[in-house]
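Visitor: I would like the atomic coordinates for the input below:
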Amino acid sequence: MLLFLFFEREIDSVLDGLIYGSMIGFGFSAVENVLYFVGQTTPSELFLLFFLRAFVFGMLHALFTGLVGVGLALGKFSRNLTLRIAWPLIGLVLAIFTHALHNFFATLGGEHLWYTVIGISFGLVWFGVTSVVCLWHENRWIQIHLAEEMENGVLIPEQAFDAAHFWKRSSLCILTDGYRITRQRHKLLHEATKLAFEKQRHTRFQVTEECLQRIARLRVSVKELSRLDPLFQDLKLSQRKPPPIPPPPIRRIR
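Guide: Numbers count the residues shown, from 1 in each chain. Next up, the predicted model:
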């Protein structure tokens, strides 16, 4: 909750809520596990507990706090006041319910542990599907909002497409593009993504003049960085005709 209060501007999408919420769960789980491990008296008990808590149930707290993070993010991006309050409460209630259900079956032990394993499996599927759907929407928003920047010459098409491509804008592309190219293009793609999300925030909430000033500053920065792009300078970007930009979504969070 404190993260969402003090670093609210860092939450740009529902995916951010899921990721930050999950990271908090991982941190809590790590501390809790150490306390559990220290209390074991025999190596066999320690090994069994380590296997269960670190591997079998390792994702549990991340799933619980991920639910809260998704609820907080949905509340932030909702226009309707009722939903702004309801979504965080729904996320919290679901986290408490799933945690209590897990503890119930874990306490019973024996064959009932299979119910917890099945529950974890469903949780992992939910986590994966939610991440993919959120990432798809995030990439779509970036494409939509950078279309204007391509038309105005702030970015060339392939730079905009790379900013809207998760692999390209993340550090993972070091595996395909190499360290030098990835390092030199990181700021460009990061600033272009920030520009897209700032425009998304303005479109959704019609926020203050300060938001428009941030958009203008980011636009200038992105244009400068795009000309310093090593692929642009090496003439490796073809500047081909861009494919059609996806239409804005009809249905929005209210």
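
Visitor: low pLDDT regions in the stretch 151-254 of the chain?
Guide: The model of the stretch 151-254 of the chain has pLDDT under 70 over residues 206-207, 233-254.

Visitor: which SSE is Pro88 in?
Guide: Secondary structure here is read from DSSP states H and E; on that basis Pro88 sits in helix 81-108.

Visitor: chain center to that helix, what's the gap?
Guide: Averaging C-alpha coordinates over helix 81-108 and over its chain gives two centres that are 20 Å apart (CA atoms, centre = their mean, to the nearest Å).

Visitor: name the helices or strands packed onto it?
Guide: The elements that helix 81-108 packs onto, with contact taken as 3 or more CB pairs under 8 Å, 6 or more residues apart in numbering; DSSP states H and E, are helix 60-76, helix 113-151. C-betas here are computed from N, CA, C, even on glycine.

Visitor: what comes up buried for stretch 102-112?
Guide: Using 16 or more other CB atoms under 10 Å as the burial criterion, the residues of stretch 102-112 that qualify are 102, 105.

Visitor: repeat that for stretch 33-42.
Guide: Neighbour-count burial for stretch 33-42, with 16+ other CB under 10 Å as criterion, is recorded at Asn33.

Visitor: which residues does that stretch contact?
Guide: Residues lying outside stretch 33-42 but in contact with it, judged by CB atoms under 8 Å, 6 or more residues apart in numbering, are 46, 49-50, 53-54.

Visitor: do stretch 212-222 as well
Guide: Applying CB under 8 Å, 6+ apart, the set of residues contacting stretch 212-222 from outside is 149, 154-155, 188, 191-192, 194-195, 198-199, 202.

Visitor: go on, stretch 77-91?
Guide: Surrounding stretch 77-91, the residues in contact under the criterion CB under 8 Å, 6+ apart are 13-14, 67-72, 74-76, 204-205, 252-254.

Visitor: cheers, nothing more for now.
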